[in-house]
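K.L.:
The sequence and its predicted three-dimensional model are supplied below.
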Amino acid sequence: MRRYLAASAALTLFLLAPASAAAGEILSTDVSVADAVKRSCIDAPLSGGQGYAARTATAPASGWVSARLNARSGDWDVAIFNTVTRQRVAGSAAFGASEIAEGFVARGDRLTVQACRRSGAASSAKLTLESDAVKASAPQELSLVRVATPSAARKDELTRLGLDLTEHGGAGFVEVLLHGADDAKALREAKFIFTTTIGDLAAAARRDRAAEQRAVASGNVRAAAFPSGRTGTYRRLDDYNNEMKQLAEANPGIVKPITLPERTFLGRTVQGIEISENVRARDGKPVFFQMGVHHAREWPSGEHAMEWAYELINGYKARNPRVVRLMGRTRTIVVPIINPDGFNTSREAGQATGRPGGGSQEIANLATPYEYQRKNCRINNTAPDDFDSTADDDPAEGDCVQAGKPNVGITQFGVDPNRNYGGFWGGPGASPSGDVPGGDFAQDYRGTGPFSEPETRNVRDLVSKRQVTTLITNHTFSNLVLRPPGIQAQGPSVDEPVYKALGDSMAAENGYASNPSYTLYDTTGGTEDWTYYATGSLGFTFEIGLGGFHPLYADTVAEYEGTTAEAGEGGGNREAYFKALENTANASRHSVIKGGAFPGAVLRLKKSFTTFTSPVIDADGVPGRTLSFPDVLDTTMEVPASGDFEWHINPSTRPVADQDIGRPPNGGAPSAPTNKSGTASQPPCPLYFEAPNACRTGVTDEVFEIPAQQPGAVDNGFATIKLAFPEEADLDLEIYKADSAGKATGAPVSSSASGSNPEQTTIGPDPDPGKYVARVINYTGGTTYDLNITFAGPRPFKPGVKETWTLTCEGVDGKVAQSRQVQIDRGEVKTESFGAPCAKVAAAAIEKRDCLPTKGGVRPRALGKARLGRTRSRQRRALGAKRLKSHKGIDRYCVRGGGEMRIGYPTKRLSSKISKRSRKRVRRKAVLAISSSKRFRVNRLRAGTSVRALRERLRGEQRYRVGRSVWFMMRGKRSRLLFRTQKGKVREVGLADKALTSTKLGTQRFLRAWDRRGL
Ligand SMILES: [Zn+2]
């Protein structure tokens, strides 16, 4: 109950705001578009021509507008334009036909909604347009401040205040985004010293967007700075999807679209592209996974991921030798926007803020709070009634822009996707549900369980199904290249030397600091907490830049290019990403299984295990039960035609299992405890000090010793220092190494400033022996204290264990022929070949998969699975088998049990000879299906039957001699039955289009069209 009261106090502002109008549908219609046209729907309002339909509407209220479009199949896009200014209000250009376009509008804006049909059979779509009034809240006072955190304990304490911590921090500070005076008050009450970096973030953003517009207008932008040539300002969500679509369409050999399995809360698909030479093969190349925008407001992180895609694609097309070499040996998967709901909210708010022309101030005021959205768009419904007096007005799931609801400041809807990964989930540096500040409305809310969010499950799915050996997840801002662990207590990873070397080599390019992640502050549930510890993939978090979440676009370009002061001689993130890709290609940085097997056989590497969370910290900050969940890594490759395979994979042992825990005891005992009592120094410190010794008055130093290890006599695994004091006092504790004179030296090695009594801290494992200073810091009036130092033996030794992959050789139908366990370490190459047992199963499966079934037989319009009148692309999809050959008008397939099938489509020559009407009717559609399989029979007639028997059975047939064949044709109600004969026997049985064979001349033309193509 307590938290509900606390929440309402923080949210008074919003509760007093008038209730918003409910979501209103302003358009709901079916649109029909006769022809599909492949072009961009989002660039500009279309006029004239085909391929789209447009509707108009007027925005009934200032706020949020959303268009949804759904068609049964194909690729459709949608965009909303301001009819007068022709500016894009919102757009959606996903790969399929399920689109959501959302943006901000002013009341009275005239809107044109444009629905575009790009491909596919569906010629109509459902289109709706909704409007949500958004009330402007009190002017936002967003500011960025630098908070002094002289010790790890103070950083911990800061993370527990429930403020909006940025990822910008360093030795002794963390930058915090304050969402108003209450946040500043919370800092002051906790005795934090802070200085303001940016006083009015909203004004700074407006200036940045305006400067970007001016630069574009004046032509004063450096051309082709980014590989894409993009200048001006940040992409919007539809730009990303539109570009990925165009890249995939224009470069089918090297770019493949990827749609991750789970939709977001709003129903969006999460999309990416895979880039490699021969991209559609399953060839066992190692994978580099490049991601952006877990955090919605961190726009540069999506830009850099996207530009990397252009870097590779353009480099490959220009035959840049380095790119060609790397694309031949690796695969890159780019998912620029992991959190599209949150990103769209943030980016569209930024767009509205920078909107030129009339009414912009009103829109800027109501959009600004949303520009700093960080999390996803789960609507936390743990206490829905706290935020609205009407219980039945719970917010809709997924809608980040909740009119009149508290979605700003420290109380923001959503889950932090980068605290929701399952590895070590629920530990320090992530907020549990519960108390406000903090709780589910905290900026680092971890979610209700490990992998509770679609965004993290999407990444988990991809990483579980591919051998991702290198990974970068991009964020802003702090000029950091971070590697695991996220918490100091985890200790250095088993791969620390190779990990550090790679991180350092990338940091040498972009000028960032290369560090373990916990050096920023302890976090759990971050991306690499699972991706690295569960798969061994070498993953990094990049914190791009120093200029804020989304600074001037030119700054983001400079970070990529390496023209910042910090990058110095380095090549920026472009070169850092090249380092990552070169690492991906470097077999000594992962593992390789190679050998021989039947061409076309499927090899599978699989591993099932249990992943554990941290002891899950509850709302009171107390660690509780550790949770566990099952994990399965399941990846495949196909043996190439040569029969020699080479599979680049992650090591078989998970880093979390490989790591030793504790150490064996040395036969000695822990040292005896030391107890000291004293009186705290006067007068007390006014504030927590920023630098050591800044508070000279309230400090008392006590010297103590940690005895050295002596095998058989002394074994000190850990030392715990406890400071107890009277109830009314507030003392903190810091531990320093002592110099020869017994004075504190250097930075604190440990500290405790939790506000609890006693303050307590543990150093170890295996603390350096010698003299230490325990510094007692007094924040209240005179008081006594007791200092108690105890020692403990080492943590029980649990040596790391080695694990194996299960390697199987299978048919394409999943039938397992052979299975073995393979243990393989990083840098190791192992040979595993598969002989006859696998070849037999694989060959049978290939025949079964690649040849057409004869099921269905000969029907009026269908021969087995092939159907007359079906478009070529649909036919190919429906048959799903491998084509033996495709030549102009003929697709050839094998048939199960022997024989072939050929499906004919109108050739140019044939088309030129038939009527315009017929031409239109049969365009791209199957008009002939014919097979030499003996399993297709009509009245016991089949391939192999003698011509004599054929003629006896057939009555009223027509005969045509074409080339060396004689064709027999029977009239049917819906098509013609065909028999091709040669040398006295039936060779093929099939069907032909009725209308194209209605005259003798037409039939001869028809048959000749294919006969001359080597029937
Ligand atoms: Zn981030």
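P.N.:
Sure, I can see it. Bear in mind the structure is a predicted one, so any value in this text is a computation, not a measurement.
K.L.:
Quick check: closest non-adjacent residue to the residue most central in space within the chain.
P.N.:
Centroid-nearest residue in the chain, with CA atoms, centre = their mean: I338, separated by 3.6 Å. Using CB to CB, 6 or more residues apart in numbering and skipping residues adjacent in sequence, the residue nearest I338 is H294, 5.0 Å away. Backbone N, C-alpha and C define where each C-beta goes, glycine included.
K.L.:
Also R974?
P.N.:
Excluding the flanking residues, the one nearest R974 by CB to CB, 6+ apart is P860, at 4.3 Å.
K.L.:
same thing with V592?
P.N.:
According to CB to CB, 6+ apart, the nearest residue to V592 is V829 (4.4 Å).
K.L.:
For the one you found, give its distance to E727.
P.N.:
65 Å (CB to CB, to the nearest Å).
K.L.:
give me every residue that touches the residue nearest to I338.
P.N.:
Applying CB atoms under 8 Å, 6 or more residues apart in numbering to H294 gives the contacts S301, I338, N339, P417, N418, E455, T473, H475, T527.
K.L.:
Tell me the residues of the stretch 151-300 of the chain that contact the ion?
P.N.:
Counting by CB under 5 Å from the ion, the stretch 151-300 of the chain comes close to the ion at H295, E298.
K.L.:
what residue ranges in the stretch 151-300 of the chain score low on pLDDT?
P.N.:
For the stretch 151-300 of the chain, the stretches with pLDDT under 70 are 220-224.
K.L.:
For it, just list every one of the helices.
P.N.:
152-159, 181-189, 201-218, 237-250, 299-317 (DSSP state H, counting those that start in this stretch).
K.L.:
same deal with the stretch 901-1015 of the chain?
P.N.:
Assignment of helices within the stretch 901-1015 of the chain using DSSP H, counting those that start in this stretch yields the ranges 908-911, 916-922, 947-953, 1000-1011.
K.L.:
Could I get these in JSON lines, plus columns for distance to the ion?
P.N.:
Shown next, in JSON lines, are the helices of the stretch 901-1015 of the chain (distance: least, CB to the ion, whole Å):
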{"stretch": "helix 908-911", "distance to the ion": "55"}
{"stretch": "helix 916-922", "distance to the ion": "54"}
{"stretch": "helix 947-953", "distance to the ion": "74"}
{"stretch": "helix 1000-1011", "distance to the ion": "60"}
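K.L.:
Would you mind giving me the confidence score for the residue nearest to R974?
P.N.:
Confidence at P860, expressed as pLDDT, is 89.
K.L.:
Test my guess that it contacts R971.
P.N.:
No. Counting by CB atoms under 8 Å, P860 stays clear of R971, with 11.8 Å between them.
K.L.:
what number of residues lie near the residue nearest to R974?
P.N.:
P860 has 12 neighbours, counted by other CB atoms under 10 Å.
K.L.:
quick one: contacts for E509?
P.N.:
Neighbouring residues of E509 by CB under 8 Å, 6+ apart: G562, A567, G570, G571, G572, N573, R574, E575, A576, K579.
K.L.:
Give me every residue in the stretch 351-500 of the chain lying close to the ion.
P.N.:
H475.
K.L.:
Sort out which residues of stretch 868-876 are buried, please.
P.N.:
Going by neighbour count (16 or more other CB atoms under 10 Å), the buried part of stretch 868-876 is L868, R870, R872, R874, Q875, R876.
K.L.:
and the nearest residue to R331 once chain neighbours are set aside, how many neighbours?
P.N.:
The shortest distance from R331 to any non-neighbouring residue, by CB to CB, 6+ apart, is to S276 (4.0 Å). When neighbours are defined as other CB under 10 Å, S276 has 25 of them.
K.L.:
May I have the phi/psi pair for S276?
P.N.:
As for S276, its main-chain torsions (degrees, to the nearest 10) stand at phi -170, psi 160.
K.L.:
What of K285?
P.N.:
Torsion angles, degrees, to the nearest 10, at K285: phi -70, psi 150.
K.L.:
Contact partners for L633?
P.N.:
Neighbouring residues of L633 by CB under 8 Å, 6+ apart: S464, K465, A534, T535, L605, K606, K607, S608.
K.L.:
how far away is the third one from I26?
P.N.:
Between A534 and I26 the computed distance is 47 Å (CB to CB).
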